[in-house]
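S.K.: Following is a predicted model, sequence given first.
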Amino acid sequence: MTQATLIDAIRMAMDEEMGRDPRVFLTGEDVGRRGGVFRASQGLFDKYGAERVVDSPLAELSIIAIGIGAALADLRPICEIQFADFIHPAFNQIVNEAAKFYYRSNGEWRVPLVIRSPYGGGISGGLYHSQSVEAFFAHVPGLKIVIPSTPHDAKGLLKSAVRDPNPVLFFEPKKGYRAIKGELSEDDYTVPIGPARIAREGRDLSVFAYGMMAHYTTQAAEKVARTDGIDAEVVDLRTLLPLDKTAILDSVKKTGKALIVYEDNRTMGYGAEVAAVLADEGFEYLDGPVRRLTGLDVPAVPFSHHMQEFFMPNPDTIAEAIRELAGY
Amino acid sequence: MTNHIVERASARLNESTLLEMFWGMLLSRRLDERAWALHRQGKIHFHISGMGHEAAQVGTAFALNRGVDYIHPYYRDLALSLAVGITPTDFMMSLFGRKDEYSSGGRQMPSHFSSKDKHIISGSSPVATQVPQAAGLAFAIQYRQKCGLVDPNDTSQPRLALACLGEGSTSQGEWHEGMNWAGVHKLPFICLVQNNIYAISVPLESQMAVANVADRATAYGVAGVVVDGNDVLAVYDVMVQAVQRAYSGGGATLVEAKTYRPVPHSSDDDDRSYRSREEVAEWKKKDPIMRFQNSLLEDGILNDSLLHDYESRARAEVDKAQADAEAAPLPDAEEVFGSVYAPLEEQP
Ligand SMILES: Cc1ncc(C[n+]2csc(CCOP(=O)(O)OP(=O)(O)O)c2C)c(N)n1
Ligand SMILES: [Mg+2]
């Protein structure tokens, strides 16, 4: 066990999987000598060589399509999209192709592909280096979507993603790359894709979040416990597709109240589905409105500091939303 | 550079192979004609045809290590798919959307060929998506060779990937990005563009400002060849060179086969609004099957009685395929839920 950052965990997972299975390779823009613009693959080029850590042309749809073809040929590609904002040119390959191969071939052709991409705001990235894109893909059966919020989960979930026979989108909260630290084991463990994680047990209300927002929510919950005596349960969803409905319903059955936090635009965001599940299957358990604290319904995250910070939920606004709902 | 007089690879084909090629083209044509008839009879909902493209496809198939090399076809590749091992019954099952239909269990429209066993990759309907994927398959071949995971001379393993598409589809970015990877990495890859000068109604000159798709090969650093797509042996000759190039580490080839679609785009199209009957009639005179048939007759490889036998055999096979498909049940509605996610146990 050592203390490590989120990005250390991601690097360690890739390193271990490449060491374990010669079919695993990495491709994307600047992943080679540069080690990725965030240095997620630092050292891997020197260790595994240019054959297995492949600088791609600057062309996102081909990064994914090459990965799909290689996966069809039974390799285990990890494709890095430098920023989630630039995944849109590859939408067709992800949604029409990767997600549908298994279905359209009645279970013959599998696409064991991992797409890694940093997402989210708070790093002065402006409109095109801050986007949250998970909701676009969460609508697509055939894909799996994972968003870790701790180093332990990041490593274990990424290793599961590499071993999964399906296409997995692995979105990394880039603001947390170095800001999120935690225990990291050097053992060869995996964390299964699917189950949510109770990040903090509580009795008064449930807060559902993922990625950077799960990290912030845990901080906010500790704070309101100290200052207000509110005992919030924090559920880190960590797998968005398929959704762990049981964990959501079980938590609200216990607490009776639900707050959902996500930094994406509010309308039609991922949390809308969580709210719908609660309205539909958890109605009996609720004794308050299902609340959402989200990013704003504007086209993107602005660059200038005050506007950027105003866009995103943070531990203070989350704490306030918890107090408000707890008092309902 | 010295000019070599290269013997045509097709000159070495023996009579039985030539007849096998002819049979492949003929069977595809008769099956295709039946599909049109079934559509007119209201028995099937949709057909998209490979008519006129048979020489380009069969000439290609016979140059490959069929069933071993990866092929990522498009919807016109009936003759190619038959040559790689899809059967007339398979195809009929698709036309009728029957239970356990070979390519997709009745999920996909007809002519979306797929067989893992025969290394035919499942295709989608959005055009050109297969091109960068096929480059990915070629990348995987090269990766295995470079990493010492496979012997490059092992003929039981795929040694190249072929992608097919129409000329109109080369306007897509997917085509460009796939060709670019093929060039940058010198991939064992062949792109066969079946240029029938229309993309539904849109003519070639509204699609690109160059005369030949293959002219663009230079921009990708790959070899480019134009060939008469209605001459099966000419296509074969060009493909043999492309295959040798791929197998020997020489990189990718862009082959453009010039041909024509003598029928509407699909059973939902009416081509009278965008091209003259005279034009269609002119091209029908250059029909690739008639052309090959005449040359085989001239060379005494084919004769009238053999031709008659082939025609009866084709009719019998198509009849049987149709009867088998019509007798097969439809999928159960609940099959809609199958094969969404591969189970974890399948992970080798
Ligand atoms: C991305 C996409 N856009 C539009 C279509 C509709 N469409 C199907 S085939 C076709 C024309 C294709 O022409 P070409 O590539 O020349 O192939 P051909 O059918 O002539 O063999 C079009 C527009 C499609 N299938 N995919
Ligand atoms: Mg065309």
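M.R.: Nice, I can see it. Ligands and ions are numbered 1, 2, ... in the order given.
S.K.: Name the residue of chain A that lies nearest to ligand 1.
M.R.: Using Cβ to the nearest ligand atom, the closest approach of chain A to ligand 1 is made by residue A:92 at 7.8 Å. Heads up, the C-betas are built off the backbone N, CA and C, glycines and all.
S.K.: how near is that residue to ligand 2?
M.R.: Residue A:92 sits at a distance of 20 Å from ligand 2 (criterion: Cβ to the ion, to the nearest Å).
S.K.: Now for residue A:192, how many residues are close by?
M.R.: Residues lying near residue A:192 (other Cβ atoms under 10 Å in any protein chain shown) number 11.
S.K.: My guess is it contacts residue A:161. True?
M.R.: No - with contact defined as Cβ atoms under 8 Å, residue A:192 and residue A:161 do not form a contacting pair (10.7 Å).
S.K.: so who does the residue positioned nearest the centre of chain B touch?
M.R.: Note on chain B: the residue nearest the mean C-alpha position is residue B:77, at 3.3 Å, using Cα atoms, centre = their mean. By Cβ atoms under 8 Å, 6 or more residues apart in numbering or on different chains, residue B:77 lies in contact with B:50, B:53, B:57, B:111, B:113, B:164.
S.K.: how about the residues you listed, which pair is most distant?
M.R.: Spatially, the most separated pair among the contacts of residue B:77 is B:53 and B:113, at 13.6 Å (Cβ to Cβ).
S.K.: need the longest helix for chain A.
M.R.: Longest helix of chain A, by residue count under DSSP state H: helix A:212-228.
S.K.: The helix or strand following that one pairs with which strands, parallel or anti?
M.R.: Next along the chain after helix A:212-228, taking DSSP states H and E as the criterion, comes strand A:232-236. Applying DSSP bridges, strand A:232-236 is found paired with strand A:197-200 (antiparallel), strand A:205-209 (parallel).
S.K.: domains in chain A, as residue ranges please.
M.R.: Domains of chain A are assigned by automatic domain parsing as A:2-184, A:197-326.
S.K.: Output those domains in TSV, with mean pLDDT and mean neighbour count appended to each entry.
M.R.: Formatted as TSV, those follow (pLDDT from 0 to 100; neighbours: other Cβ atoms under 10 Å in any protein chain shown):
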stretch	mean pLDDT	mean neighbour count
domain A:2-184	98	22
domain A:197-326	98	20
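S.K.: So which of these is nearest residue B:282?
M.R.: Closest to residue B:282 of those is domain A:2-184 (Cβ to Cβ; 37.4 Å).
S.K.: So for that closest one, first residue to last residue, what's the gap.
M.R.: End-to-end distance for domain A:2-184: 5 Å, by Cα to Cα, to the nearest Å.
S.K.: which SS state does residue 251 fall under?
M.R.: Defaulting to chain A. Here residue A:251 is helix, with the state taken from DSSP: H, G, I helix; E, B strand; the rest coil.
S.K.: wrong one, chain B
M.R.: Three-state call for residue B:251 (three-state DSSP): coil.
S.K.: Against chain A, how distant is the residue lying closest to it once chain neighbours are set aside?
M.R.: Distances taken as Cβ to Cβ, 6 or more residues apart in numbering or on different chains put residue B:186 closest to residue B:251, at 3.8 Å, once the chain neighbours are dropped. Counting by Cβ to the nearest Cβ, to the nearest Å, the separation of residue B:186 from chain A is 13 Å.
S.K.: just to revisit the earlier point, would you mind giving the strands paired with strand A:232-236 as JSON lines with distance to residue A:131 added?
M.R.: What follows is the strands paired with strand A:232-236, written out as JSON lines (distance: least, Cβ to Cβ, whole Å):
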{"stretch": "strand A:197-200", "distance to residue A:131": "25"}
{"stretch": "strand A:205-209", "distance to residue A:131": "18"}
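S.K.: Any chance of the backbone angles for residue A:188?
M.R.: For residue A:188, the backbone dihedrals (degrees, to the nearest 10) come out as phi -90, psi 70.
S.K.: ok, residue B:302 touching residue B:16?
M.R.: No - using Cβ under 8 Å, residue B:302 is not in contact with residue B:16, being 11.8 Å away.
S.K.: quick one, which of the two is more surrounded?
M.R.: Legend: neighbour count by other Cβ under 10 Å for residue B:302 and residue B:16, higher for residue B:302 (20 against 9).
S.K.: contacting residues for residue 182?
M.R.: Going with chain A. Residues in contact with residue A:182, defined by Cβ under 8 Å, 6+ apart, are A:3, A:4, A:150, A:151, A:152.
S.K.: hm, I was asking about chain B
M.R.: Here residue B:182 is in contact with B:135, B:138, B:189, B:191, B:220, B:222, B:251, B:252 (Cβ under 8 Å, 6+ apart).
S.K.: Which of the helices or strands spans it?
M.R.: Assigned by DSSP H and E, residue B:182 belongs to helix B:173-184.
S.K.: Pick out the residue in the stretch 201-348 of chain B sitting closest to ligand 2.
M.R.: The nearest approach of the stretch 201-348 of chain B to ligand 2 comes at residue B:261, 6.8 Å away (Cβ to the ion).
S.K.: Strands of the stretch 151-300 of chain B, residue ranges please.
M.R.: For the stretch 151-300 of chain B, applying DSSP state E, counting those that start in this stretch gives strands covering B:161-166, B:189-195, B:198-199, B:202-203, B:223-228, B:253-258.
S.K.: okay but residue B:26 is in contact with residue B:313, surely?
M.R.: No - if you go by Cβ under 8 Å, residue B:26 and residue B:313 don't touch, sitting 9.0 Å apart.
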